[in-house]
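J.: Take a look and give me a structure for this.
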Amino acid sequence: MLDTTPLTRAVDHFADRLRAAPQSRLQRGGAAEALGLARELARRAQLLEEPSGTPREMPDAGMFAAADQITVAARDLALVLETEGALAEAVALVAEAQQRAGV
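T.: Here you go, the predicted model:
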């Protein structure tokens, strides 16, 4: 079984930073960046679970839910990841999104 701790740690850190960020930072793009990440992580998880299916898009639950959305999506993905390469890609996506979010 693949150890996905690096992914969950990276996402937990990003989520904590989002929760601590002022509303103005979330409005300036932090929340949108997090939603984009959550959608991508959820898409990857769905494709791994059902390769022939059409992924459903995670809805926008508002800027104050963005931290929870990335956490849920990352944990779903962590359950189905099978390779170190896919894990490394997911961790890199989180790091890049956090940097763009500025938190």
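
J.: Tell me which other helices or strands the strand or helix carrying Ala42 touches.
T.: Using DSSP states H and E, Ala42 falls within helix 31-49. When contacts are defined as 3 or more CB pairs under 8 Å, 6 or more residues apart in numbering; DSSP states H and E, helix 31-49 packs onto helix 5-20, helix 66-80, helix 84-101. Glycine gets a C-beta too; all of them are placed from N, C-alpha and C.

J.: Let me know which of those helices is the nearest to Gly29.
T.: helix 84-101 (6.6 Å; CB to CB).

J.: Compute the inter-axis angle for that closest one and helix 5-20.
T.: Helix 84-101 and helix 5-20 meet at an angle of 20 degrees, taking axes from the mean of the first three to the mean of the last three CA atoms, to 10 degrees as the criterion.

J.: Please point out which parts of helix 84-101 sit buried.
T.: Ala86, Leu87, Ala90, Val91, Leu93, Val94, Ala97, Gln98, Ala101 (16 or more other CB atoms under 10 Å).

J.: between the helices and strands packed on helix 31-49, which one is nearest to Leu48?
T.: helix 66-80 (4.3 Å).

J.: So what touches that closest one?
T.: Residues external to helix 66-80 that are found in contact with it (CB atoms under 8 Å, 6 or more residues apart in numbering): 4, 7-8, 11-12, 14-16, 18-19, 26, 30-31, 34-35, 37-39, 41-42, 44-45, 48-49, 58, 61, 90, 94.

J.: Would you reformat the buried residues of helix 84-101 as TSV and include distance to Ala74?
T.: Output for the buried residues of helix 84-101, formatted as TSV (distance: CB to CB, whole Å):
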residue	distance to Ala74
Ala86	13
Leu87	11
Ala90	7
Val91	10
Leu93	10
Val94	7
Ala97	11
Gln98	12
Ala101	15
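
J.: Grab the two from these that are most spread out in space.
T.: Counting by CB to CB, the most remote pair of these is Ala86 and Ala101, 22.6 Å apart.

J.: For the residue lying closest to Glu84 once chain neighbours are set aside, which residues are in contact?
T.: Using CB to CB, 6 or more residues apart in numbering and skipping residues adjacent in sequence, the residue nearest Glu84 is Leu2, 7.1 Å away. Neighbour list for Leu2: Leu81, Glu82, Thr83, Glu84, Leu87 [criterion: CB under 8 Å, 6+ apart].
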